[in-house]
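J.: Take this sequence and fold it.
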Amino acid sequence: MTSRLLDVEGAAEYLSVTPRFIRRLVAERRLPFVKLGRHLRFDAADLDRFIDAGRVDAAGAQRSHSTSHV
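T.: Next up is the predicted model:
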C-alpha cells in the first residue's frame, strides 16, 4: 500500500488553503503528518479524512416553511 506524500505546499494546494494554514493545523495537531527529518509530508487519504471530518450536512427537506395568511 503505497501512496504519494505531499509537502506543505502540495497539501495547501490540495485543500485550497495557504501553506501558513497547513502549518497552523500541524502546530495544533489537527492534521496528521509524517516527519522525514525536518520535512513534513501529508498523505492525501489523511487530507480527505480531514475534509470529511469538517463536513456539515445541509438541513435539506427536513425543515418545513410554514406561511400564514391573514
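
J.: mind listing the strands for this structure?
T.: 5-6, 34-36, 39-43 (DSSP state E).

J.: deepest of the ones you listed, which one?
T.: Stretch with highest mean neighbour count among the strands of the chain: strand 5-6 (a mean of 19; mean count of other C-beta atoms under 10 Å). From N, CA and C alone the C-beta is placed, and that goes for glycine too.

J.: Check which helices and strands that one is in contact with.
T.: Strand 5-6 sits against strand 39-43, with contacts defined as 3 or more C-beta pairs under 8 Å, 6 or more residues apart in numbering; DSSP states H and E.

J.: what packs against the strand it packs on?
T.: Using 3+ C-beta pairs under 8 Å, 6+ apart, strand 39-43 sits against strand 5-6, helix 8-15, strand 34-36.

J.: what about F21, neighbour count?
T.: 15 (other C-beta atoms under 10 Å).

J.: mind listing what it touches?
T.: 12, 15 (C-beta atoms under 8 Å, 6 or more residues apart in numbering).

J.: If we use 10 Å, what do you get?
T.: If you count contacts by C-beta atoms under 10 Å, 6 or more residues apart in numbering, F21 has them with 8, 11-12, 15, 31.

J.: Out of those, who's the most crowded?
T.: Ranked by neighbour count (other C-beta under 10 Å), the contacts of F21 have A11 at the top, with 27 neighbours.

J.: list the contacts for the closest residue to it other than its chain neighbours?
T.: The shortest distance from A11 to any non-neighbouring residue, by C-beta to C-beta, 6 or more residues apart in numbering, is to F42 (4.2 Å). Contacts here follow C-beta under 10 Å, 6+ apart; on that basis F42 touches 5-8, 10-12, 14-15, 22, 25-26, 31-34, 50.

J.: can I assume V8 is in contact with F33?
T.: Yes. In this structure, V8 is within contact of F33 by C-beta atoms under 10 Å, at 9.1 Å.

J.: which neighbours do those two share?
T.: Shared contacts of V8 and F33, defined by C-beta under 10 Å, 6+ apart, are found at 22, 26, 39-42.
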